[in-house]
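Peer 1: Mind looking at a prediction? Sequence and model below.
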Amino acid sequence: MIRQRLEQLSREKILQIAEKNEIDVTPDMESSAVIDLIIELIEDERIEWQLCNNHAVKMQEKKYDIVHEDEFAPLVIPITDLEIPERYNETRVVLLLRDPAWAFAYWDIKDLEMITEDDQFENIFLRVVECSSPDSVALVDSFDIPVGPSDTRWYINLPNQDTFYRIRLMVIIDGYDVMLAESNSVSVPSGGIADVPSDSAPLSNADKIIAYSGIQKLGIPNFGQQIPQRIISDVGEADI
Amino acid sequence: MRHGYLNLVLHAHLPYVRHPEYPSFLEEKWLFEAITETYLPLLAVFDRLDSDGIPFHLTVSISPTLSSMFEDEFLQDRYLVHLDKCIELAEKEIHRTRDELEFNALARMYLDMFVEARRAFVDRYDRNVLKGFDYFFKKGRIELITTAATHPYLPLYEQYPVSTRAQIRIGVEHQTRTFGKPPRGMWLPECGYYEGIEEILKECGIDYFFCAAHALLFSETKPQQGVYAPVRCPNGVTVFGRDPVSTNAVWSADEGYPADYVYREFYRDIGYDLPLEYIGPYIHDGTVRVNTGFKYYAITGKTDDKRPYDVETARRKAEDHAENFIYSQKKLIDRLSPLMQDPPILSCPYDAELFGHWWFEGPVWLESLFRKLAVSDGSVVITTPSAYLKKHSPKQVVKPAFSSWGNKGYSEVWLDGSNDWVCRHTHKAVERMSELVARFPDERGLKARALNQAAREVLLSQASDWPFIMRTGTTVPYAVRRVKEHIHNFTMVYDALCRGNIGTEWLTRLERINNIFPDIDYRVFADRPPNSE
């Protein structure tokens, strides 16, 4: 079905899809060969993604599984017959926490072209701001991520856990940093177990119970400094 | 004697899929297959246990979208058309396999299954499966809880409490209207928890909810009883943590019970195996191969050379697996009990559709579990959250941590390169919906109808199913279309209200198609909705 849908697209559109997905295409390559490469990419991606799926996701996936034919093309094939605006022409930036190490920002800039066509316009960037509380004005730290005028979203690697972040949407005009908008704050959890006992301390009942809670098989990355290995090994992995 | 509790939870959910504008619609089969393979077989299990006097208790969450589809006459009609086609195909299959004994027996089993489904659906439940659940709810056998109205992944709406409040409030009101009693418990869609959501749950009258194990284990306060005792949020709402050990034994596709080689193979279906000229009338539009529900092979192993499915062998295996499950629970209880003040409670939530749809033998396993527990030594006591809380109150106050039951425990399934475009639009729709409520706080007539429809479209656009499908790759175009369609519809209503020019014909058509929550009051999107405490 993917092939059929790709075959209905113009050559120009197929080449655009290939380029967007960083597929090497030579000018003399026939459209059918480009389609083969796109489908190959989709298949690779599908395998990679499926390997990442945990039990809950694998189970849930089966609820919707009525057609075995490949319809797996979320990244590469646009569905264009019912369009909604790409953006809303307003200046804003929104931050969403994906996990304790990654956040996602999307933004929009009102009258973007007027800004970027200004002779004094130099650049757009995101300033990632770490703060000690959601409403704090004082910064703990910050770093900048340059983005292009056509970018509207970005995944941000967060250096620290157990803290707060927000994003400032910035432009450089005539050498000056100008803030266009500031996002909401997100609270980043520690992503690990609290109060891990020291090596010399005897394990408490709570530690033993946590080990029995299947912590080693959760499939959750431990983002914090605390490694629960000692808890697991002391209780006896074979018993869990 | 030491004992512990087993807290089984089945979460039944499908997104709202209803397309009267088409003569038939592929994705409506999600519901039809689940009715035949999961919901009716589960009710049949409850019936048999009940009539044999076997005590059983479990918690069932029925999402408002699913229960709305159960009640919908149009979908009830279509389900019967679907069933009749299945019965017709079963009869043809009995004839086609007449010289192949093993397959012929299976074709007859399918005929019996579909005929029985039709009888139960029409005669016993008067075409509304909810009546079955209501019966056991009223009888005290199952505890019914609810979930958010259209099953959104709520952490993506953390900065829009108005949206979370609307979703939770409608979920609670829907359940109250459907079953005559407000729910005590809430299933957070995808176990998606963010800090502070308990405030909204409490506001909506919810006493407890479930969360992923690491919501408790990774809390800033160490949970003294791990996931084996509920805790209280600082505002008093109770949280039950999922026991990953018990849950994974049942639903791991690789090493869990359903992966056993004698069980029915989900992916071998005659919709794919038989020639188009034969199977054409029973697949989509006569050309698109789909699952028909007729599956003749056992999992067998990692091979394409599958053995024919043997019902009796699979049934015995399901009984063995029920025995094994009880043994594992007892072992865990034995280890935990000396470490704990109260008897441990093992909370095991599953997608209901695991039982029967994917794991064909799941209902047999469940029935066998209850039967074996009824005659066991009493060390594993079946319970529900309310029954447990009557005897034991949560001892520790713990602030759960942001979490979900998706991959790696957080939001990556619902916030990914394939689906992250969705939030921009659903967030905007929420903002605009709140703006509409502020501008039109007390409308009646046509304007109120338009506002109510706008609220429906916002809610429908937020279902977690759409980003999930975009991420996992089944029927992606449909999921993309649904989000775009609801955002498009919402924007049309929004623009019309801003212009003061509402087209009655167009609105009526929309109301007819996306007709969920007929009693919705658009002011549920107010900062403080009417009648809020």
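Peer 2: In hand now; what should we look at? Residues are numbered from 1 along each chain as shown, chains lettered A, B, ... in the order given.
Peer 1: contacts and neighbour counts: CA atoms only from here.
Peer 2: Noted.
Peer 1: Give me the nearest residue to residue B:412, chain neighbours excluded.
Peer 2: Sequence neighbours aside, residue A:98 is the residue nearest to residue B:412 in space, at 5.9 Å (criterion: C-alpha to C-alpha, 6 or more residues apart in numbering or on different chains).
Peer 1: How about the residues of the stretch 201-350 of chain B by chain A?
Peer 2: The stretch 201-350 of chain B has residues B:213-214, B:217-228, B:243-245, B:248, B:251-253, B:289-291, B:332, B:336, B:339-340 near chain A, with proximity defined as C-alpha under 8 Å from any C-alpha of the partner chain.
Peer 1: Would you map out the domains in chain A?
Peer 2: For chain A, the structural domains run A:2-63, A:92-188, A:205-239, going by automatic domain parsing.
Peer 1: Tabulate these (a markdown table), appending mean pLDDT and mean neighbour count.
Peer 2: Converted to a markdown table, the domains of chain A look like this (pLDDT from 0 to 100; neighbours: other C-alpha atoms under 10 Å in any protein chain shown):
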| stretch | mean pLDDT | mean neighbour count |
| --- | --- | --- |
| domain A:2-63 | 81 | 15 |
| domain A:92-188 | 94 | 17 |
| domain A:205-239 | 67 | 18 |
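Peer 1: And those domains: which comes nearest residue B:431?
Peer 2: Closest to residue B:431 of those, according to C-alpha to C-alpha: domain A:92-188, at 12.9 Å.
Peer 1: what about residue 42, helix or strand, and which?
Peer 2: Using chain A. Per DSSP states H and E: residue A:42 is located in helix A:31-52.
Peer 1: switch to chain B, that's the one I care about
Peer 2: In this assignment (DSSP H and E), residue B:42 forms part of helix B:40-51.
Peer 1: which residues are contacting that helix?
Peer 2: B:55-56, B:117, B:120-121, B:129, B:132-133, B:136, B:355-356, B:363-364, B:366-367, B:370-371 (C-alpha atoms under 8 Å, 6 or more residues apart in numbering or on different chains).
Peer 1: Name only those of those residues that count as buried.
Peer 2: Neighbour-count burial (16 or more other C-alpha atoms under 10 Å in any protein chain shown) is assigned, among the contacts of helix B:40-51, to B:56, B:117, B:120-121, B:129, B:132-133, B:136, B:355-356, B:363-364, B:366-367, B:370-371.
Peer 1: so which of the residues you listed comes closest to residue B:432?
Peer 2: Each of the buried ones among the contacts of helix B:40-51 was scored against residue B:432 by C-alpha to C-alpha, and residue B:129 proved nearest at 36.6 Å.
Peer 1: quick one: that closest one from chain A, how far?
Peer 2: Note on residue B:129: its distance to chain A, by C-alpha to the nearest C-alpha, to the nearest Å, is 18 Å.
Peer 1: Which residue, other than its chain neighbours, is closest to that residue?
Peer 2: By the measure of C-alpha to C-alpha, 6+ apart, the closest residue to residue B:129 outside its immediate chain neighbours is residue B:70, 6.1 Å from it.
Peer 1: Just the element for that neighbour, please.
Peer 2: If you go by DSSP H and E, residue B:70 is part of helix B:64-71.
Peer 1: Next up, the contacts around the residue nearest to residue B:14 when sequence neighbours are not counted.
Peer 2: The spatially closest residue to residue B:14, leaving aside those adjacent along the chain, is residue B:66, at 5.4 Å (C-alpha to C-alpha, 6+ apart). Taking C-alpha under 8 Å, 6+ apart as the definition of contact, the neighbours of residue B:66 are B:12, B:13, B:14, B:15, B:16.
Peer 1: If you rank those residues by neighbours, which is first?
Peer 2: Neighbour count (other C-alpha atoms under 10 Å in any protein chain shown) singles out residue B:13 as the most crowded of the contacts of residue B:66, with 25 neighbours.
Peer 1: Excluding chain neighbours, what is closest to that residue?
Peer 2: In space, residue B:13 is closest to residue B:63, 5.1 Å off (C-alpha to C-alpha, 6+ apart).
Peer 1: can you tell me how far the one you found sits from residue B:38?
Peer 2: Distance of residue B:63 to residue B:38, computed by C-alpha to C-alpha, to the nearest Å: 15 Å.
Peer 1: And for residue B:79?
Peer 2: Using C-alpha to C-alpha, one gets 14 Å for the distance from residue B:79 to residue B:38.
Peer 1: Looking at those two, which one has more neighbours?
Peer 2: Neighbours per residue (other C-alpha under 10 Å) separate residue B:79 from residue B:38, with residue B:38 holding more: 25 against 22.
Peer 1: coming back round to it: can you put the domains of chain A in JSON lines and add distance to residue B:500?
Peer 2: Output for the domains of chain A, formatted as JSON lines (distance: least, C-alpha to C-alpha, whole Å):
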{"stretch": "domain A:2-63", "distance to residue B:500": "39"}
{"stretch": "domain A:92-188", "distance to residue B:500": "26"}
{"stretch": "domain A:205-239", "distance to residue B:500": "51"}
